[in-house]
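Engineer: I would like to see how this sequence folds:
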Amino acid sequence: MVARHGETEEAILQMLKRRRVMMMDDVLAIGHSDFAWSELFLAIDRLSRKQLIALYRTGSTYQLTFNRPEHQ
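Structural biologist: This is a model prediction of the structure:
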C-alpha cells in the first residue's frame with residue numbers, strides 16, 4: 001500500500017470546508033470509494049492532532065468540524 005497521507009488529509013479537509021460539520025460515519029462512507037477505511041481513520045486522527053479539525057463525541061459516533069485559523 002502506498003502512503004497517501006497528504007492526499008487523504010486534503011480530501012477530508014475539502015469535505016469539511018464544503019460542509020463545515022460532518023459525522024465520522026458520513027466521512028468514512030463518502031471517502032471509502034477513494035481511500036481505505038484505515039487511511040481515512042488515520043488521516044482523521046492526524047488532522048485532529050494537528051488541530052485542523054475538531055472531534056466531538058455524539059452518542060456512538062463522532063462529529064467532525066473544520067477548524068478555521070484565527071488569524072490569516
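Engineer: Could you double-check that Phe41 lies in contact with Leu28?
Structural biologist: Yes. Applying CB atoms under 8 Å, one finds Phe41 in contact with Leu28, separated by 7.5 Å. Every C-beta, even on glycine, is put in place using the N, C-alpha and C of the backbone.
Engineer: Give me the phi and psi angles of Arg46.
Structural biologist: The phi and psi torsions at Arg46 (degrees, to the nearest 10) take the values phi -60, psi -40.
Engineer: what helices or strands is the helix or strand encompassing Asp25 leaning on?
Structural biologist: Taking DSSP states H and E as the criterion, Asp25 maps to helix 24-31. Packing contacts for helix 24-31, counted by 3 or more CB pairs under 8 Å, 6 or more residues apart in numbering; DSSP states H and E, involve helix 5-19, helix 37-49, strand 61-66.
Engineer: Restricting to C-alpha, output it in CSV.
Structural biologist: What follows is helix 24-31, C-alpha atoms only, in CSV (Å, rounded to 0.1, in the frame of the first residue of the first chain):
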residue,chain,number,x,y,z
MET,A,24,-17.5,10.5,11.1
ASP,A,25,-19.7,7.7,9.6
ASP,A,26,-20.5,10.1,6.7
VAL,A,27,-16.8,10.9,6.1
LEU,A,28,-16.0,7.3,6.0
ALA,A,29,-18.9,6.4,3.7
ILE,A,30,-18.2,9.2,1.2
GLY,A,31,-14.5,8.8,1.2
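Engineer: relative orientation of it and helix 5-19 in degrees?
Structural biologist: Helix 24-31 and helix 5-19 are oriented at 110 degrees to each other (axes from the mean of the first three to the mean of the last three CA atoms, to 10 degrees).
Engineer: Any buried residues in helix 24-31, and which?
Structural biologist: For helix 24-31, a neighbour-count test (16 or more other CB atoms under 10 Å) marks 24, 27-28, 31 as buried.
Engineer: follow-up on the earlier one: could you dump the helices and strands packed on helix 24-31 to a markdown table with mean neighbour count, mean pLDDT and distance to Leu55?
Structural biologist: Below are the helices and strands packed on helix 24-31 laid out as a markdown table (neighbours: other CB atoms under 10 Å; pLDDT from 0 to 100; distance: least, CB to CB, whole Å):
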| stretch | mean neighbour count | mean pLDDT | distance to Leu55 |
| --- | --- | --- | --- |
| helix 5-19 | 15 | 88 | 11 |
| helix 37-49 | 16 | 91 | 5 |
| strand 61-66 | 17 | 91 | 5 |
